[in-house]
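**Q** Return a 3D structure for these sequence lines:
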Amino acid sequence: MDLLERYHIKEAGFHPFLIRDSWQVGKLNYNVAEHHINNLSRLTIHHHTDRALSLLKGKGVLITIGDNDNHNIMVMERGTAYNIPKNLGYAIIMQKGGELFSVERPHTHTDDTTHHYLDKEQVKMIQEHIYQVLKDLS
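**A** Next up, the predicted model:
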């Protein structure tokens, strides 16, 4: 009998898989409707918890937007943990096949998540900024 629990999640989207009293670990796999740059339309906001992310596979870009619509574009690096503080709007853009781990308060995705929809000008500005950041890295 194996004393360890093992999880191997391949399905697209977000899957919380290790849920405890005060935290959960989730796997976020690329989903074209949510993570393709051309489908950027909204920010996710958690009001009662931070969310820690770590890129496992592929390429990812983390977009955060604070007060006065100031946005930050960060190309994620594998092996680095990123903490998104509560009440900060964010979006994740990934390439096909991208995978992330996430740690947060349990049931955040159902009980503590709202969305802020971006207007067309905001989307265009952020997309252009992402393309420029990626071009500068090449």
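**Q** what residue is smack in the middle of the protein?
**A** The residue lying closest to the centre of the chain (Cα atoms, centre = their mean) is residue 92, at 4.0 Å.
**Q** Now do the same for it: its pLDDT.
**A** Here, the pLDDT recorded for residue 92 equals 97.
**Q** just checking, it is part of a strand?
**A** Yes. Counting by DSSP: H, G, I helix; E, B strand; the rest coil, residue 92 falls inside a strand.
**Q** if I look at it, how far off is residue 62?
**A** Applying Cβ to Cβ, to the nearest Å, the value for residue 92 to residue 62 is 6 Å. For glycine as for every other residue, the C-beta is placed from the backbone atoms N, C-alpha and C.
**Q** shared neighbours, the two?
**A** residue 53 (Cβ atoms under 8 Å, 6 or more residues apart in numbering).
**Q** shaky segments in this structure?
**A** 1, 138 (pLDDT under 70).
**Q** for it, which helix is longest?
**A** helix 120-137 (DSSP state H).
**Q** tell me what that helix is packed against?
**A** Secondary-structure packing of helix 120-137 (3 or more Cβ pairs under 8 Å, 6 or more residues apart in numbering; DSSP states H and E): strand 60-65, strand 71-75.
**Q** Let me have the ones you listed in TSV, extended by mean neighbour count.
**A** Listed next are the helices and strands packed on helix 120-137 as TSV, based on neighbours: other Cβ atoms under 10 Å:
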stretch	mean neighbour count
strand 60-65	20
strand 71-75	15
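**Q** Tell me which of the ones you listed sits nearest to residue 99.
**A** strand 60-65 (8.9 Å; Cβ to Cβ).
**Q** Fine by me, thanks again.
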